Each structure stands twice: as structure tokens, then as C-alpha cells.
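> Give the three-dimensional model of this entry:
(one chain, ligands or ions: 3)
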Amino acid sequence: MSLASQSSPLLSRILSSSVAVANHAGKIIREVMKKGELGIVEKENARDLQTEADRAAQRCIVSSLSRCFPKITIIGEEGEEECHDAHQQVFDPTAEIPVEIQCPPHLVSLAEEEIVVWVDPLDGTAEYTQGLLDHVTVLIGIATGGKAVGGVIHQPYYNYQTPGSVLGRTVWGVVGGEVGGMSTVSPPDGCLIVTTTRSHSSSTVNDAIDALSPSEVVRVGGAGHKVMLLLEGKAHVYVFASPGCKKWDTCAPQAVLEAAGGTLTDIKGVQIPYHASAPHRNSTGVLASAAGQQHEVYLAKIPQHVKDNLKA
Ligand code: AMP
Ligand code: MG
Ligand code: MG
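Ligands and ions are numbered 1, 2, ... in the order given. Predicted coordinates for the structure are as follows:
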């Protein structure tokens, strides 16, 4: 590691390492798909899957970050047992040229013990197994004091249907700082595009969407992918009135979205807590709006019975 990067604030170094390790996890995800041996396992139910790509990507991210930052708390989606591999080679993110990420003044003197990293090694697993590859993201979210403060969203298959272009993209953001890796775009005026789940719908999920009277509903996989649509100006709001989404799904997307000027809360407008002891499940749903949107206006339109249905 260069002297300059060693003297950068801890948050900048963790984010910079997370960019490198997310890129490497993306390579692993593509290699597993190329080999075609997905090793699919059902977790909670038949709609909740884990593949060898989820396991191998988590192994890579957790081992690399914990080697570089031994005192941070890392919470990954996949169980540690399934992800154990005695022969694994640890990826060294500090061997890469670091991206320079500025840290806002109030976050410059954090200690490792104050940091919780929420890792979704592969968001959009159902879509990955179905060949909807552009729905897949790698999510590394950094929290302190229970708040999402930094995040990395890597899209391993960005551009995969555009021959001759660079495959994959990594976007990062620091709340109160900037977004890197992409140029954000505002969604169009004069219409309302709502994005939501394609594989975890329910009547409550649909009631919340109907109440917004959208001109278009974009049903795609992955929390990371849906927040990318908000950042790309392809949707105004992401609504998920269901308890299925977890902290590792929302921490990184929330930080990047808030860095861009957007907002992500639960469906009642309450901040999602990201302490190490916080329950994994976002049991009161998710509502996220793009920069420039009036988050409170969308919250106010969510029917009371939908809000009452989602209990903490
Ligand atoms: P989706 O929008 O359906 O792609 O979901 C976003 C994230 O939340 C993905 O990581 C899903 O696996 C997770 N998720 C949402 N609903 C459920 C559910 N009912 N059971 C398990 N995981 C869920
Ligand atoms: Mg996920
Ligand atoms: Mg996942």
C-alpha cells in the first residue's frame, strides 16, 4: 500500500478496498456462471436461493476486508459455515491502485471498532440463476453509529449485451460526500415510474404501488439494481411493502443513494438502523426515492393498512 493511501481516513481506505474487492467478487461471480456449476441450495424457501457464486463471493469479500481491517464487524448474508474454505487464497485489495475517495470532516477520525460492514455478496440470486444477469449486484455497505455512511454497488454484468464495451461497473458513495463511478441522472418530469420486486410480490406490495398511481411499474430483481435505476433516472421511486429485504440489501444502496441526494427509509418513513445488533430483516419494508423527489409525498400516499401490516 502506498504511504498516501495509508494516511487516508479509515472510511476512505475501507471504501477504496471495498471497490477493489467488489470488482474481484464480480469476477468470481462471472467465472462460476461460465463454468455452469451453480451449486444451488434453497435457504428459507424455494424463492430464497444460494449458489456457489454467493458463497465464493462472500468468502472473498469477508476474508479480504477482515485481513485488512481486523477490528471492523462484518455481517454477510451467507452463513460462515457454508462459506468456509481452508484452501482459499485471500485477495489483497491494497495491491490494486486505490480509488481516491474523499471523506467528509465529521467521519475522518473513526476507529475500526466503530464500523459495521453489511455484505450482500450477490444481490439478485434468483435472477442470476434465471439468466437475468444485469439484475445482479455486489453490495458492500459501511455503517457507523447505526447509520449507513458509505457504500459500494458493483454490477458484474453491466454492458454484457453491448459488444466491445467494458464489462462491469462499480459505483460508490459517501453520505455528505460524493458519488463516484457513474454520472447520476434525474428521472423525467411529467410521469411516475415505480420500481419494485419481480419475484417477491404480494397483495400488500401491490396495494402500496397502486396507491401511488404510477404511469409505469418496472419489476426487476435486486435491491441494488433497483437503487441503480433511481441513480440512472430510470425510476422515481422504489417501493417494497414487505418484510423480506435485509440490512445487507439496503445499507450500500442507501449510502450511495443518499450521497446522490436521494432518500431511503422504511415504508413508514423511519430510518433503518444498521448497528451490529440490529435485526437482519427490514421488517417494515423499504421506500426509496431519487434525488429531487419528495419522499414525504410518496410516504403519505402509502395506505394505512399497508403500514399497519408491516410490524417491527
Ligand atoms: P427483490 O426486490 O425481490 O429482488 O428483493 C430484494 C432483496 O430482498 C433480495 O436480496 C431478495 O433476496 C430479498 N428478499 C425480498 N423478499 C424476500 C423474501 N420474501 N424472502 C427472502 N428474501 C427476500
Ligand atoms: Mg440481496
Ligand atoms: Mg444475496
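> Can you name the residue of the stretch 101-250 of the chain nearest to ligand 3?
The nearest approach of the stretch 101-250 of the chain to ligand 3 comes at Asp120, 4.4 Å away (CB to the ion). C-beta coordinates here come from the backbone N, C-alpha and C atoms, glycine included.
> who are the neighbours in contact with that residue?
76-77, 137-139, 223-224, 246, 248-249, 252 (CB atoms under 8 Å, 6 or more residues apart in numbering).
> quick one: which of these sit in strands?
Using DSSP state E, the members of the contacts of Asp120 that fall in strands are 76, 137-139.
> quick one, what contacts the closest residue to ligand 1 within the stretch 201-312 of the chain?
Closest residue of the stretch 201-312 of the chain to ligand 1, CB to the nearest ligand atom: Gly244 (2.2 Å). With contact taken as CB under 8 Å, 6+ apart, Gly244 is in contact with 200, 281.
> Likewise for His305?
Applying CB under 8 Å, 6+ apart to His305 gives the contacts Asp207.
> buried sites along the helix or strand harbouring it?
Under the criterion of DSSP states H and E, His305 resides in helix 304-309. Neighbour-count burial for helix 304-309 flags 306-307, 309 (criterion: 16 or more other CB atoms under 10 Å).
> and if you look at stretch 73-82?
In stretch 73-82, counting by 16+ other CB under 10 Å, buried: 73-78.
> Can you tell me which of these is closest to Arg198?
Glu77 (19.2 Å; CB to CB).
> which residues touch the closest residue to Pro279 other than its chain neighbours?
Spatially, and ignoring its direct neighbours in sequence, Pro279 is nearest to Lys247 (8.0 Å; CB to CB, 6 or more residues apart in numbering). Applying CB under 8 Å, 6+ apart to Lys247 gives the contacts 75, 118, 141, 272, 274, 278-282.
> Can you show me the strands along the stretch 51-200 of the chain?
73-76, 115-123, 137-144, 147-155, 169-174, 179-180, 193-196 (DSSP state E, counting those that start in this stretch).
> just to revisit the earlier point, will you turn the contacts of Lys247 into JSON lines that also has pLDDT and distance to ligand 3?
Shown next, in JSON lines, are the contacts of Lys247 (pLDDT from 0 to 100; distance: CB to the ion, whole Å):
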{"residue": "Ile75", "pLDDT": "97", "distance to ligand 3": "13"}
{"residue": "Trp118", "pLDDT": "98", "distance to ligand 3": "11"}
{"residue": "Gly141", "pLDDT": "98", "distance to ligand 3": "12"}
{"residue": "Ile272", "pLDDT": "98", "distance to ligand 3": "17"}
{"residue": "Tyr274", "pLDDT": "98", "distance to ligand 3": "17"}
{"residue": "Ala278", "pLDDT": "98", "distance to ligand 3": "18"}
{"residue": "Pro279", "pLDDT": "97", "distance to ligand 3": "17"}
{"residue": "His280", "pLDDT": "97", "distance to ligand 3": "12"}
{"residue": "Arg281", "pLDDT": "97", "distance to ligand 3": "14"}
{"residue": "Asn282", "pLDDT": "98", "distance to ligand 3": "14"}
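> and the stretch 1-150 of the chain, which of its residues are near ligand 3?
77, 120, 122-123 (CB under 5 Å from the ion).
> now with 8 Å?
50, 54, 77-78, 120-125, 139 (CB under 8 Å from the ion).
> Where does pLDDT dip in the stretch 1-150 of the chain?
Within the stretch 1-150 of the chain, the stretches falling below the threshold (pLDDT under 70) are 1-5.
> hmm, 90 instead?
1-7, 44-48, 79-90, 94-98 (pLDDT under 90).
> Taking it, what residue is nearest to ligand 1?
For the stretch 1-150 of the chain, CB to the nearest ligand atom, closest residue to ligand 1: Asp48, 4.1 Å.
> Run through the residues that contact that residue.
Glu42 are the contacts of Asp48 under CB under 8 Å, 6+ apart.
> and if we set it to 10 Å?
41-42, 125-126, 199-200, 244 (CB atoms under 10 Å, 6 or more residues apart in numbering).
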